[in-house]
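Asks: Any chance you can model this:
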Amino acid sequence: MTSAPIAAETVVPKPSLIARGIGFFSGTVGFVIKLALLGALSALAMLAVGILFSDGKWLAALLIAAAALLIVAVYLIPDRRLVPLKYLIPGTVFLVAFVAIPIISNVNIAFTNWSTLHNLTKDEAIVAIEERSLVPATDAATYTSTPAKSDGELVLLLVDDVTGDVYVGSKDGLEPLPPASVTVEDGVIVVAEGYDVIKGNDLFTIDQELAALVIPTREDSYIKPEGLSIAQEVQPTLRYDPANDTFTNIETGVVYSDNGEGTYEAPSGELLEPGWKTHVGLENFNTILTDPLVRDPFFRVFVWTFAFAFLSVLIQFAIGLFLAITLNKPDLKLRRIQRALLVLPFAVPAFLAVLVWQGLLNDEFGIVNETLNTNIPWLFDPTWAKVSCILVNVWLGFPYWFLVCTGALQAVPEELTEAARVDGAGGLQVFRKVTLPLLLVATAPLLIASFAFNFNNFNNIYFLTGGGPYEVSQTVAGSTDILISYTYKIAFQAGGGAEYGLAAAVSIFIFFIVAGISAISFWRTKALEEIR
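Replies: Okay, the predicted model is just below:
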């Protein structure tokens, strides 16, 4: 008799760590986590909606509320038809938050006069103009003041410097104090019944509130603090008429009216400051094209920006391709080590490398001049500064093209190059007629993208030269400023203050310039596709 064969034991493989993790989060635990995240999202949405409603931004509040309700419904309702939305919603939210909203905001700003002198609302501007118009009155009374609190409200305890009378002043007016209720030392009130005198470090927390305090005394007369211990009687030089929305100079009778551009303007052209933020249509774009102070630097900077981007990409690609071909020989000794060394500049953070180069190129103690035994003003002469920008940019970018070209060379069929050699083509002809065209098929889109990147390569310019050096005739734009750094300076470093609206308009010009050049380049490179 033969015994029956014993069945082999079935070995069940253990699930992987990833599979176990997915299983852990797909059950009850996952549902609880989903509820917690949706609850947090709902709470944030309710907070945002409340703030927007209080600010009168109804449309934005309704959009956020609708979006939050949609997200909660999609992730809670067990309907298979909603499954695609569970994957689309996160991407859509990030697209809207980080792409659509910034673009829409930038375009909106470009059509406004938002700047240092136009960053308030109209009501805030009216209050600011009224405060600025306050000047010391004729034979104005002066007071020694002591800041204090009354029921949480800031008040001034005042001693008349001439009569010695004591008062308390608030935004509601000036009231006398009984002499017996205060203690005066060296002409200063140090104690007052019913008031908490502000002392010590607390004085440093009331500067803004103190500066905004205006105490009415009688018609067209006020008391305004001048620091922590002095107050003075002032009178306005301008009177606002709410019915006609005008300011009138009390002494001269000149009337300032709203000119529709966020400023009150007199018939002579005199403007009252500050103004307010308002839409001005195409005014910023017209300024860029017609105002010599903006137009001339813009076109000068555009020419240099194009040259900087084009020469950087051309030289980077040429050096990268040369090194890739040189190190593409299989029998080359230490090929891997040489390739690794060439990639090192690409591994160093660009802004750190630029700061290092700034020190190396210093004309007085930089190692470059010391090594070459020269005295070249690399960063302080307009021409040499441009050369420095391109050289440093090439040093930072050629490893990228070395890697790209090394990979692209592996995809060039050896049969084509061998066939060309059999037909009698030399090494240069094989490169020009076979290798380079095939490389351009793969690298042309990357060349266009690299050009667009260098066209807006803010970091390299800003950290190396700061856009300088500056010549006497130059305005905010320096010799090495490119359009993006020029835009930054308009927005934050303009001589007359920040010009956000004008900078936003310049950024729109930059977008259309880069988009146009890229579109033409992509259209032209279609001819390379015929090589395939």
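Asks: quick one: the helices in the stretch 201-350 of the chain?
Replies: Per DSSP state H, counting those that start in this stretch, the stretch 201-350 of the chain carries helices over the ranges 207-211, 283-290, 292-326, 335-347, 350-360.
Asks: Could you pull up phi and psi at residue 135?
Replies: phi -130, psi 160 (degrees, to the nearest 10).
Asks: try the one 10 residues further on
Replies: Main-chain torsions, residue 145, degrees, to the nearest 10: phi -110, psi 150.
Asks: Grab the nearest non-local neighbour of it.
Replies: Excluding its sequence neighbours, the residue lying closest to residue 145 (Cβ to Cβ, 6 or more residues apart in numbering) is residue 231, at 4.2 Å. C-beta coordinates here come from the backbone N, C-alpha and C atoms, glycine included.
Asks: got it, and residue 343?
Replies: Per Cβ to Cβ, 6+ apart, closest to residue 343 is residue 399, 4.9 Å.
Asks: quick one: average pLDDT of the one helix or strand the one you found maps to?
Replies: Element membership for residue 399, per DSSP states H and E: helix 382-410. Per-residue pLDDT values over helix 382-410 give a mean of 93.
Asks: Show me which residues of whichever helix or strand comes after that helix are buried.
Replies: Beyond helix 382-410 in the direction of the C-terminus, DSSP H and E gives the next helix or strand as helix 414-422. Buried positions in helix 414-422, judged by neighbour count with 16 or more other Cβ atoms under 10 Å: 417, 420.
Asks: Can I get helix 414-422 in CSV, CA atoms only?
Replies: What follows is helix 414-422, C-alpha atoms only, in CSV (Å, rounded to 0.1, in the frame of the first residue of the first chain):
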residue,chain,number,x,y,z
GLU,A,414,24.3,54.7,-32.4
GLU,A,415,23.1,53.3,-35.8
LEU,A,416,22.6,56.8,-37.1
THR,A,417,26.0,58.1,-36.1
GLU,A,418,27.7,55.0,-37.4
ALA,A,419,25.8,55.3,-40.7
ALA,A,420,26.9,58.9,-41.0
ARG,A,421,30.5,57.9,-40.5
VAL,A,422,30.2,55.1,-43.1
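Asks: what's the helix or strand just after it in contact with?
Replies: As assigned by DSSP H and E, the chain's next helix or strand after helix 414-422 is helix 427-430. Outside helix 427-430, the residues within contact range by Cβ atoms under 8 Å, 6 or more residues apart in numbering are 417, 420-421.
Asks: Give me the average confidence score over helix 427-430.
Replies: 78.
Asks: now stretch 293-311
Replies: 93.
Asks: Please apply the same query to stretch 222-233.
Replies: The model assigns stretch 222-233 a mean pLDDT of 89.
Asks: What ranges does the stretch 51-200 of the chain have for its strands?
Replies: 134-136, 142-150, 153-160, 166-170, 173-176, 182-185, 188-192, 196-197 (DSSP state E, counting those that start in this stretch).
Asks: List the buried residues in the fifth one.
Replies: Right, the one you point to is strand 173-176. residue 174.
Asks: That one: partners in the sheet, and parallel or antiparallel?
Replies: strand 166-170 (antiparallel) (DSSP bridges).
Asks: Show me what the partner strand is in contact with.
Replies: Contacts for strand 166-170 (Cβ under 8 Å, 6+ apart): 143, 148, 150, 153-160, 174-177, 179, 182, 184, 189, 192, 195, 215, 223, 231.
Asks: If we use 6 Å, what do you get?
Replies: With contact meaning Cβ atoms under 6 Å, 6 or more residues apart in numbering, strand 166-170 is reached by 155-159, 174-177, 182, 215, 223.
Asks: Output these as CSV; include the columns distance to residue 35.
Replies: As requested, those are exported to CSV (distance: Cβ to Cβ, whole Å):
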residue, distance to residue 35
155, 52
156, 55
157, 57
158, 60
159, 64
174, 60
175, 59
176, 64
177, 61
182, 62
215, 56
223, 59
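Asks: nearest to residue 485, of the helices of the stretch 201-350 of the chain?
Replies: helix 292-326 (8.5 Å; Cβ to Cβ).
Asks: Would you mind giving me the confidence score for the closest residue to residue 359 other than its chain neighbours?
Replies: Of all residues not flanking residue 359 in the chain, residue 366 sits nearest, at 6.4 Å (Cβ to Cβ, 6+ apart). At residue 366, the model reports a pLDDT of 89.
Asks: And residue 12, by the same measure?
Replies: 54.
Asks: List the buried residues of the helix holding residue 399.
Replies: So, applying 16+ other Cβ under 10 Å, buried residues of helix 382-410: 382, 384-386, 388-394, 396-406, 408-409.
Asks: ok, now stretch 72-87?
Replies: Those buried within stretch 72-87 under the rule 16+ other Cβ under 10 Å are 74-75.
Asks: Need the distance between the two termini of it.
Replies: One end of stretch 72-87 to the other measures 14 Å (Cα to Cα, to the nearest Å).
Asks: Could you tell me how far the helix or strand harbouring residue 443 lies from the centre of the chain?
Replies: Using DSSP H and E, residue 443 sits in helix 436-455. Here helix 436-455 is found 28 Å from its chain centre; the criterion is Cα atoms, centre = their mean, to the nearest Å.
Asks: other SSEs contacting that helix?
Replies: helix 292-326, helix 500-524 (3 or more Cβ pairs under 6 Å, 6 or more residues apart in numbering; DSSP states H and E).
Asks: Include distance to residue 242 and mean neighbour count when you put the ones you listed into JSON lines, please.
Replies: Shown next, in JSON lines, are those (distance: least, Cβ to Cβ, whole Å; neighbours: other Cβ atoms under 10 Å):
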{"stretch": "helix 292-326", "distance to residue 242": "36", "mean neighbour count": "18"}
{"stretch": "helix 500-524", "distance to residue 242": "28", "mean neighbour count": "17"}
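Asks: Run the chain-centre distance for stretch 482-494.
Replies: With Cα atoms, centre = their mean, you get 11 Å for stretch 482-494.
Asks: do stretch 210-226 as well
Replies: 39 Å.
Asks: What is the neighbour count of residue 54?
Replies: 9 (other Cβ atoms under 10 Å).
Asks: Roughly how far does it sit from residue 121?
Replies: Distance, residue 54 to residue 121, by Cβ to Cβ, to the nearest Å: 15 Å.
Asks: do the same with residue 220
Replies: 25 Å.
Asks: And for residue 345?
Replies: For residue 345, the distance to residue 121 equals 50 Å [Cβ to Cβ].
Asks: what about these two, which has more around it?
Replies: Counted by other Cβ under 10 Å, residue 345 and residue 121 do not tie: residue 345 has more neighbours, with 17 against 11.
Asks: so what's the more buried one up against?
Replies: By Cβ under 6 Å, 6+ apart, the neighbours of residue 345 are 395-396, 399.
Asks: do that again at 8 Å, thanks
Replies: By Cβ under 8 Å, 6+ apart, the neighbours of residue 345 are 353, 395-396, 398-399.
Asks: Under the pLDDT cut-off, which ranges of the stretch 1-150 of the chain? List them.
Replies: 1-27 (pLDDT under 70).
Asks: my guess is residue 254 meets residue 248, correct?
Replies: Yes. Applying Cβ atoms under 8 Å, one finds residue 254 in contact with residue 248, separated by 7.2 Å.
Asks: Who's the closest spatial neighbour of residue 503, skipping the chain neighbours?
Replies: That would be residue 491: by Cβ to Cβ, 6+ apart, it lies 3.5 Å from residue 503.
Asks: Between helix 283-290 and the strand or helix carrying that neighbour, find me the angle.
Replies: In the assignment (DSSP H and E), residue 491 maps to helix 483-492. Here the directions of helix 483-492 and helix 283-290 differ by 130 degrees (axes from the mean of the first three to the mean of the last three Cα atoms, to 10 degrees).
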